[in-house]
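>>> kindly return the folded structure for what I paste below:
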Amino acid sequence: MKLITKILSLATAGAMALGCGTSSRKITTQEKPVEGMNLYELNLMSLNEADKIDLSAFKGKYILFVNVASKCGFTPQYDGLQALYSSNADKLMVIGLPCNQFGFQEPGDSSQIATFCSSNYGVTFPISEKLDVKGDNQHPVYEWLTQKKYNGVGDYNVSWNFNKFLVSPNGELVAYFGSKVKPQSEEITSLLK
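Residues are numbered from 1 along each chain as shown. The predicted model follows:
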């Protein structure tokens, strides 16, 4: 028992010396959110997987998170997302998050997704790397968006492609919308004060 305690003590000391367990370090895309964590402490990787999408850069703007797919019946919503973003760029950031968990409707790699978005819909808003929005490998941003213990508002189930989460300029979850709610609908635009 003393040997186990000694080993655990040495492991903890080593981890602390390496900076593990300190609360001052920036959260990466691989880490899980903790209760009371602000959304702005989380990051996403961009579609090119070389650059981070730093959510704290969007403080003061609404953020609309949308899990997107290129082979879905809702894919034409890219037009509405781009129009919503273009007409509200001073107060809104739209972030597309490709996901292949619903009917395998986002099978492409990063290059294919980027080409599809720009050639077919002229997308200029940020698109993240392909990620999971539910399940064991759920991305930390989606853990925050879907779990009340993190977002402070409610628990949500991402049910299909093009579900939408609106976050306020202060980083608070404002609303969740299902796939059928179009980006330029009154339900969404009325909240962009």
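>>> C-terminal to the host helix or strand of Trp144, what's the next element?
Here Trp144 sits within helix 140-146, counting by DSSP states H and E. Scanning forward in sequence from helix 140-146 by DSSP H and E, the next helix or strand is helix 148-151.
>>> dump that next one to CSV, restricted to CA.
Backbone C-alpha positions of helix 148-151 (Å, rounded to 0.1, in the frame of the first residue of the first chain) are rendered in CSV as follows:
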residue,chain,number,x,y,z
LYS,A,148,-26.8,21.8,-19.1
LYS,A,149,-24.0,21.2,-16.6
TYR,A,150,-21.8,23.2,-19.0
ASN,A,151,-24.1,25.6,-20.8
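>>> how far away is Asn161 from Asp51?
Asn161 sits 24 Å away from Asp51, going by C-beta to C-beta, to the nearest Å. C-betas here are computed from N, CA, C, even on glycine.
>>> name the residue in the two with the higher neighbour count.
Neighbours were counted for Asn161 and for Asp51 using other C-beta atoms under 10 Å; Asn161 has more, 26 against 11.
>>> surely that one meets Ser70?
No - the pair Asn161 / Ser70 is not scored as a contact, 9.4 Å apart, by C-beta atoms under 8 Å.
>>> tell me, what's touching those two both at once?
Overlap of the contact sets of Asn161 and Ser70 (by C-beta atoms under 8 Å, 6 or more residues apart in numbering) consists of Gln105, Glu106.
>>> so who does Leu39 touch?
By C-beta under 8 Å, 6+ apart, the contact set of Leu39 is Leu55, Val141, Trp144, Asn151, Val167, Gly171.
>>> and these as JSON lines, adding distance to Leu39, pLDDT and neighbour count?
Supplementary listing: these in JSON lines, determined by distance: C-beta to C-beta, whole Å; pLDDT from 0 to 100; neighbours: other C-beta atoms under 10 Å:
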{"residue": "Leu55", "distance to Leu39": "6", "pLDDT": "96", "neighbour count": "23"}
{"residue": "Val141", "distance to Leu39": "8", "pLDDT": "97", "neighbour count": "23"}
{"residue": "Trp144", "distance to Leu39": "6", "pLDDT": "97", "neighbour count": "26"}
{"residue": "Asn151", "distance to Leu39": "8", "pLDDT": "96", "neighbour count": "22"}
{"residue": "Val167", "distance to Leu39": "6", "pLDDT": "98", "neighbour count": "24"}
{"residue": "Gly171", "distance to Leu39": "5", "pLDDT": "96", "neighbour count": "18"}
